[in-house]
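Peer 1: Prediction below, plus the sequence it came from.
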Amino acid sequence: MRKSKRSRRRRASPTVRSLACTVASPASTKAKMALLDLFIRTCCILALLSREDFQRIPELAINPLGDRIINAFFSEGEDQVNFRGFMRTLAHFRPIEDNEKSKDQNGPEPLNSRSNKLHFAFRLYDLDKDDKISRDELLQVLRMMVGVNISDEQLGSIADRTIQEADQDGDCAISFAEFVKVLEKVDVEQKMSIRFLH
Amino acid sequence: MEELGSLAVWLGAAWLSLVFALIVLPSALGVSLGISEAYMWVLVKTLEWATIRIEKGVKKPQPQMLKIPAANGIIERDETPMEKEIAGLHRMEFRFSDIFYFCRKGFEAIVEDEVTQRFSSEELVSWNLLTRTNVNFHYVSLRLTVVWVIGVMVRYCFLLPLRFTLAAIGITSMIVGTTVVGQLPNGSLKNYLSEVVHLTCSRILVRALSGTIHYHNKENKPQKGGICVANHTSPIDAIILTNDGCYAMVGQVHGGLMGVIQRATVKACPHVWFERSEIKDRHLVTKRLREHVADKNKLPILIFPEGTCINNTSVMMFKKGSFEIGGTIYPVAIKYDPQFGDAFWNSSKYNIVSYLLRIMTSWAIVCHVWYMPPMVRKEGEDAVQFANRVRSAIARQGGLTELPWDGGLKRAKVKDSFKEEQQKNYSKMLVRNGSQGNLPAGTESD
């Protein structure tokens, strides 16, 4: 069931957010495509979001990982994201159980599968996109999360310990497979999903 | 040609005399002829009819669009604090899954955040026959469209000129009246006449907006020597309040028409207008306001501590400056009914002229004003806590939500100290007293 539109943001792309959220909510693929068609037809396809638009959201600006999250929307070298890209990134957070309703079994794996959610999280760590989380990359994320409250040495030893525990092939970096193994028992579905009301 | 000219003059004269007789004179005398009540009755009936038509006309099963949006928004928010979500029992180490918390919070903020939605107009439950609020337009029925067209004609061809005339009369009489009164020597006669002039002009201006104001708890009306504090939605808040009593306004000196009004009114009544340079000096501002409050014969000051216009669904942070002056605070809650016209001024979207035009082409401005019992600063309470206490009281009375965020976020970036606070909280979970916890290595679990 679709839900009502919400209030708009006051900047360049007022309908992008509200429409994107409607689309990312539990709705059939058909409804999604219909909405996208409407979006294209109403010429809002030209609406583009830049990094500054995201940074204007106060709750996002104070999030320690705010910059990384914003980066996740933009592809390599791009400074603007269109509606489609916005929707794709947001779709990672759809709850998993809705996949049973859309019987698209033979298609490609949906963006909100457990594996893809984990891949999304992996990419937040893996800055240079080499499919490995190196010690430096882990240190960077840690530094973002703790700010100035922990010394370099302590942070370094935390990073070393974490890699040591998770690393199985001894290359001092975490590959995606090792990442998945470490998070085996974690309820990824619950932690990485946003449920829309009505 | 001459005939046309004289006809136009005759029509103009007739129009003006009607306006004077039916509106201006009753305003001066404080009497109501019942015209606005009749208008409001017709309006309410029409809108109810329209709502029923829309609900009937919706063919597809989309009742969600017309239901009242859930008070807590469009997404299910998990309010468990960071400590509970990440920490668990006796845990003092980093886990890869820690970022899930921040990640989800970030995305929730992107989908729907508490703050930016307050800087744009509230959405309506059902359409009120104004084009500007027509969010989900689809053709419903011929009758509804006809009513809408009639509405447009009434609003633009009849109401707009009428309101414009009234506004012009109101502003002119305010300037002329206060200038005349300002020539008198200071004394009780001057104060009395100044009150009469201000009240009359406010009443005319309220009628110029087709305003219907319901005042509650008039026994708590602000007294002399006090400070009146209210939530801010639009520049007409001041007119709404002065319709029922006289206040000393506080504000910045403007140029143009506003400046003329300010210079005229300050002669009759001790309003406090600050130069732009003075406003930056907080001590100067506080000193002047303190002097005003100390004089028990002076009218109560009217201040809007939010500092900017908010869309009347919530009350944002009150700036502590007004609460450091001392004296008794008289809180007032103002709540507009958005069904008849949206009073919120979105200053980043509309300038003052288009805002006034929108107001004058709405159906009406309906609002409720609650006067609340006076509050004073308690022992051991600092200005910030006092400000928060007053804010909670106003929010509760007006049925608005309370937000700790600063209204200045409309234009400015948020302070880094909030981010640093979150980082500090997280680091406490990683490292305690400089040592790390020792837990079995291997797979992670919840």
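Peer 2: Structure received. As the structure is a computational prediction, the values presented were derived from the model and not from experiment.

Peer 1: list the buried ones in stretch A:126-138?
Peer 2: For stretch A:126-138, the neighbour count (16 or more other CB atoms under 10 Å in any protein chain shown) marks A:Asp126, A:Lys132, A:Ile133, A:Ser134, A:Glu137, A:Leu138 as buried. From N, CA and C alone the C-beta is placed, and that goes for glycine too.

Peer 1: nope, stretch B:315-333 is what I was after
Peer 2: Going by 16+ other CB under 10 Å, stretch B:315-333 has these buried residues: B:315-319, B:321-325, B:327-333.

Peer 1: distance between it and the chain's centre?
Peer 2: 15 Å (CA atoms, centre = their mean, to the nearest Å).

Peer 1: Name the single longest strand found in chain B.
Peer 2: Scanning chain B for the strand with the most residues, using DSSP state E, yields strand B:329-337.

Peer 1: who does it touch, helix- and strand-wise?
Peer 2: Counting contacts by 3 or more CB pairs under 8 Å, 6 or more residues apart in numbering or on different chains; DSSP states H and E, strand B:329-337 is packed against strand B:227-230, helix B:237-242, strand B:365-371, helix B:383-398.

Peer 1: any low-confidence regions in chain A?
Peer 2: A:1-46, A:98-107, A:198 (pLDDT under 70).

Peer 1: OK, contacts around the residue in it positioned nearest to chain B?
Peer 2: In chain A, no residue comes nearer to chain B than A:Gly147, which is 3.1 Å away by CB to the nearest CB. Under the criterion of CB atoms under 8 Å, 6 or more residues apart in numbering or on different chains, the neighbours of A:Gly147 are A:Pro64, B:Lys419, B:Glu420, B:Gln423, B:Lys424, B:Ser427.

Peer 1: Which ones among these lie within strands?
Peer 2: Per DSSP E, the contacts of A:Gly147 never map to strands.

Peer 1: could you dump those residues to CSV with neighbour count and distance to B:Gln397?
Peer 2: Shown next, in CSV, are the contacts of A:Gly147 (neighbours: other CB atoms under 10 Å in any protein chain shown; distance: CB to CB, whole Å):
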residue, neighbour count, distance to B:Gln397
A:Pro64, 22, 37
B:Lys419, 17, 33
B:Glu420, 15, 35
B:Gln423, 21, 37
B:Lys424, 13, 36
B:Ser427, 19, 41
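
Peer 1: and those, which two are the farthest apart?
Peer 2: B:Lys419 and B:Ser427 (12.6 Å; CB to CB).

Peer 1: What count of nearby residues applies to A:Asp167?
Peer 2: The number of residues packed near A:Asp167 is 16, by other CB atoms under 10 Å in any protein chain shown.

Peer 1: in the chain, which spans are strands?
Peer 2: Went with chain A since none was named. According to DSSP E, the strands that chain A contains are A:49-50, A:80-81, A:132-133, A:174-175.

Peer 1: wrong one, I was asking about chain B
Peer 2: Using DSSP E, strands in chain B cover B:211-216, B:227-230, B:248-252, B:272-274, B:301-303, B:314-315, B:329-337, B:365-371, B:401-402.

Peer 1: So for the longest one, mean pLDDT?
Peer 2: Okay, so that is strand B:329-337. Strand B:329-337 shows a mean pLDDT of 92.

Peer 1: Tell me the residue of the stretch 151-300 of chain B that sits nearest chain A?
Peer 2: Closest point on the stretch 151-300 of chain B to chain A, by CB to the nearest CB, is B:Thr233, at 15.3 Å.

Peer 1: in chain B, what spans have low per-residue confidence?
Peer 2: In chain B (pLDDT under 70), the answer is B:57-74, B:83-92, B:125-126, B:131-140, B:432-446.

Peer 1: buried set for stretch B:23-35?
Peer 2: B:Ile23, B:Val24, B:Pro26, B:Ser27, B:Ala28.

Peer 1: okay, those residues in TSV with distance to B:Glu108 next?
Peer 2: Below are these laid out as TSV (distance: CB to CB, whole Å):
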residue	distance to B:Glu108
B:Ile23	51
B:Val24	53
B:Pro26	53
B:Ser27	50
B:Ala28	55
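
Peer 1: So which of those residues belong to helices?
Peer 2: Among the buried residues of stretch B:23-35, the members falling in helices (DSSP state H) are B:Pro26, B:Ser27, B:Ala28.

Peer 1: Leaving out the residues flanking it, which one is nearest to the last one?
Peer 2: To tie it back to what came earlier, the one meant is B:Ala28. B:Thr200 (4.7 Å; CB to CB, 6 or more residues apart in numbering or on different chains).

Peer 1: And for the one you found, the neighbour number?
Peer 2: 20.

Peer 1: residues in contact with the helix ranked longest in chain A?
Peer 2: The longest helix of chain A (DSSP H) is helix A:152-166. With contact meaning CB under 8 Å, 6+ apart, helix A:152-166 is reached by A:133, A:135, A:138-139, A:142-143, A:146, A:150, A:172-174, A:178-179, A:181-182, B:93-96, B:430-431, B:434, B:436, B:441-442.

Peer 1: I'd like the list of those residues that fall within helices, please.
Peer 2: A:Arg135, A:Leu138, A:Leu139, A:Leu142, A:Arg143, A:Val146, A:Glu178, A:Phe179, A:Lys181, A:Val182, B:Leu430.

Peer 1: Excluding chain neighbours, what is closest to residue 166?
Peer 2: In the absence of a named chain, this looks at chain A. Nearest to A:Ala166 is A:Val182, by CB to CB, 6+ apart, at 4.6 Å.

Peer 1: Hmm, no, I was thinking of chain B.
Peer 2: Here the residue nearest B:Leu166, using CB to CB, 6+ apart, is B:Ala208, at 3.7 Å.

Peer 1: Now for the one you found: which residues touch it?
Peer 2: Per CB under 8 Å, 6+ apart, neighbours of B:Ala208: B:Arg163, B:Phe164, B:Leu166, B:Ala167, B:Gly170, B:Met360.

Peer 1: follow-up on the earlier one: tell me the angle of the longest helix of chain A relative to helix A:135-146?
Peer 2: 120 degrees (axes from the mean of the first three to the mean of the last three CA atoms, to 10 degrees).

Peer 1: quick one on the thing from earlier: could I get the strands of chain B in CSV, plus columns for distance to B:Arg263?
Peer 2: Below are the strands of chain B laid out as CSV (distance: least, CB to CB, whole Å):
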stretch, distance to B:Arg263
strand B:211-216, 26
strand B:227-230, 23
strand B:248-252, 13
strand B:272-274, 8
strand B:301-303, 18
strand B:314-315, 32
strand B:329-337, 27
strand B:365-371, 27
strand B:401-402, 38
